[in-house]
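Student: Got a predicted structure here, sequence first:
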Amino acid sequence: MDEADSTPLTTLSRTLEAASDETWAAQLADELLALSSIYDEESITLLPLSHSVTPVQASHTGASRLSTPSASGSANKDLQLALARSWTPGAILRLSFKTQLEPSASSLTSEPLDLLTAVTLPERYPASEHPPQLQLLNRFVGGHPVDHIVFGKVLRCFLHDSKVLVEKGRAAGLEWKQGESILFEALEWVKESLSEWYDAKEQELQMRTVHMDAEREAKVFVKQQETLKANRHVTEFGHESSDTSQRSHQDLEALAKKLKLISAEPITDRKSTFIGHCCHLTDPAQVPLIIEHLLSDKRIARAAHPKIHAWTCSGPNGVMQRDCDDDGETTAGGRLAHLLQILNVENVLVVVTRWFGGIHLGPNRFKHINRAARDALEAGGFVADGTSTNV
């Protein structure tokens, strides 16, 4: 073979052939040839002995990066060839193998996941007295960080006595028998172990997702029940109403007056108009009622974004509650909530109505929304006029 066409494995093979009088050398040559056929020669990489190999990052899609050696392309090939040429028969040899883990049908991903396993072959393997040493190089498998349990399990693959292996079988590790080629079996054992670990992690993730969804649905249900309760019984009015539509305009107006609902002066920019409204709150259940009162004004109801709002109020149990609504203007409600937080305002509802004039304002619209809210809070006496001008 032309020297220019040499690969790291063919170079190793020639070196082993030169030591063909040694049985172990012929065995190792045959084993490496078989592994290159099974896993693809490019999946087998030589590792230097003089540098410790640290775990590598594996992305959520399964791709992996090897941190040692760090070279790539032709430079990496040159480094691999140099390592192969400098190796002497019978010396310790370090290799890394890239294999692929196929997720189970219940997994959240169907893409194969890369596994990188470093294998340190002792002197004169497989005739050596000591077994190979395995090390998992992945920091992540899919989206799951590799924990110390599975990392340690791979390290201890051959470090079990016969009693443990009899009791726990292949799940615990593999039995080392001097003179036997065992790399393929070891790499497949790593895949099996990581497959069981990965499936367990996926099940945990799915259970957490189900639990979070259940909590979210429970919160929505509680909020719906609170709104329904507020719709059916409004203590401020002194009477019961089985439907919101049955409340009189006078009832809502009376509540707005009681809570001192005020509207600030309009802000106009390129035909778009912004008006801030705010009022005091004594109960979170008053929020939908005040919003309803504002929307009873047909001009407000016809606005592009009539009820961008945020509020904060101490609930019946004394816990401060907060919420906001973008009303179709992405992040606008959150900005109002942040405004209330930095102004240290509590027990208040602030609403901004925006009428769109046909010209896009870009980021300036958020400045006007915040300014309209600030003007309303100043008009309502919640903050001092001119305070925190950077808001």
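Tutor: Done, it's in. Keep in mind that this is a model prediction, so the values were computed, not measured. Residues are numbered from 1 along each chain as shown.
Student: how close does residue 122 get to residue 210?
Tutor: Residue 122 is 47 Å from residue 210, where distance means C-beta to C-beta, to the nearest Å. Bear in mind the C-beta positions are built from the backbone N, C-alpha and C, glycine included.
Student: Compare neighbour counts for the two and give me the winner.
Tutor: Between residue 122 and residue 210, counted using other C-beta atoms under 10 Å, the more crowded position is residue 122 (16 against 10).
Student: My guess is the more buried one contacts residue 128. True?
Tutor: Yes: counting by C-beta atoms under 8 Å, residue 128 is a contact partner of residue 122 at 4.1 Å.
Student: for the stretch 101-250 of the chain, which spans come out with low pLDDT?
Tutor: Where the stretch 101-250 of the chain drops to pLDDT under 70, the residues are 106-109, 160, 162, 164-167, 213-249.
Student: quick one, phi psi at the residue most central in space within the chain?
Tutor: In the chain, the centroid-proximal residue (C-alpha atoms, centre = their mean) is residue 143; its distance is 7.7 Å. The phi and psi values for residue 143, taken as degrees, to the nearest 10, are phi -100, psi 10.
Student: Ok, residue 305 next?
Tutor: Torsion angles, degrees, to the nearest 10, at residue 305: phi -130, psi 90.
Student: partners of residue 349 in the sheet?
Tutor: Counting by DSSP bridges, residue 349 is bridged to residue 279, residue 311.
Student: before we move on, the earlier item: any idea how far residue 112 is from the residue nearest to the centre of the chain?
Tutor: Where residue 112 is concerned, residue 143 sits at a distance of 14 Å (C-beta to C-beta).
Student: same deal with residue 282?
Tutor: Relative to residue 112, and taking C-beta to C-beta, residue 282 is found at 59 Å.
Student: Please apply the same query to residue 292.
Tutor: 55 Å.
Student: The two - which one has more neighbours?
Tutor: Neighbour totals were compared for residue 292 and residue 112, and residue 292 leads with 17 against 13 (other C-beta under 10 Å).
Student: what pLDDT does that one get?
Tutor: What the model reports for residue 292 is a pLDDT of 88.
Student: That one and residue 252 touch, don't they?
Tutor: Yes: using C-beta under 8 Å, residue 292 is in contact with residue 252, at 6.3 Å.
Student: tally of neighbours for the residue nearest to residue 48 when sequence neighbours are not counted?
Tutor: Spatial nearest neighbour of residue 48, excluding adjacent residues (C-beta to C-beta, 6 or more residues apart in numbering): residue 83 at 6.1 Å. Close neighbours of residue 83, defined as other C-beta under 10 Å, add up to 21.
Student: from what I can see residue 83 touches residue 45, true?
Tutor: No: between residue 83 and residue 45 there is no contact under C-beta under 8 Å: 9.3 Å.
Student: between those two, what contacts are shared?
Tutor: Common contacts of residue 83 and residue 45 (C-beta atoms under 8 Å, 6 or more residues apart in numbering): residue 8.
Student: Enumerate every residue touching residue 37.
Tutor: Neighbours of residue 37 in contact, by C-beta under 8 Å, 6+ apart: none.
Student: Quickly find the element holding it.
Tutor: For residue 37, the host element (DSSP states H and E) is helix 23-39.
Student: Please state the offset of the very next helix or strand once past that helix from the chain centre?
Tutor: Proceeding N to C from helix 23-39, the next assigned helix or strand is strand 44-46, under DSSP H and E. Chain-centre distance of strand 44-46: 31 Å, with C-alpha atoms, centre = their mean, to the nearest Å.
Student: Tell me where this protein has strands.
Tutor: 44-46, 93-101, 113-121, 133-136, 140-141, 144-145, 233-234, 239-240, 262-263, 267-269, 272-280, 305-314, 320-325, 348-355 (DSSP state E).
Student: Tell me which of these sits nearest to residue 23.
Tutor: strand 113-121 (15.4 Å; C-beta to C-beta).
Student: Touching the closest one from outside, list them.
Tutor: Contacts of strand 113-121 (C-beta under 8 Å, 6+ apart): 28, 47, 53, 56, 58, 62-64, 66, 92-101, 103, 128, 132-138, 141-142, 154, 183, 186-187, 190-191, 194, 198.
Student: buried subset of those residues?
Tutor: Neighbour-count burial (16 or more other C-beta atoms under 10 Å) is assigned, among these, to 28, 47, 53, 56, 58, 62, 64, 66, 93-99, 101, 103, 128, 132-138, 141-142, 154, 183, 186-187, 190-191, 194, 198.
Student: Would you map out the domains in this protein?
Tutor: 3-193, 248-379 (automatic domain parsing).
Student: Tell me which of these sits most buried.
Tutor: For the domains of the chain, the largest average neighbour count (mean count of other C-beta atoms under 10 Å) is found in domain 248-379, namely a mean of 18.
Student: quick one: that one to chain centroid distance?
Tutor: The answer for domain 248-379 is 33 Å, by C-alpha atoms, centre = their mean.
Student: What of stretch 120-138?
Tutor: On C-alpha atoms, centre = their mean, the centre of stretch 120-138 falls 36 Å from the chain's centre.
Student: give the contact list for the closest residue to residue 98 other than its chain neighbours.
Tutor: Spatial nearest neighbour of residue 98, excluding adjacent residues (C-beta to C-beta, 6+ apart): residue 43 at 4.1 Å. Going by C-beta under 8 Å, 6+ apart, residue 43 touches 97, 98, 99.
Student: can you list those residues in CSV and add distance to residue 278 and pLDDT?
Tutor: Putting those into CSV (distance: C-beta to C-beta, whole Å; pLDDT from 0 to 100) gives the following:
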residue, distance to residue 278, pLDDT
97, 66, 95
98, 61, 94
99, 63, 94
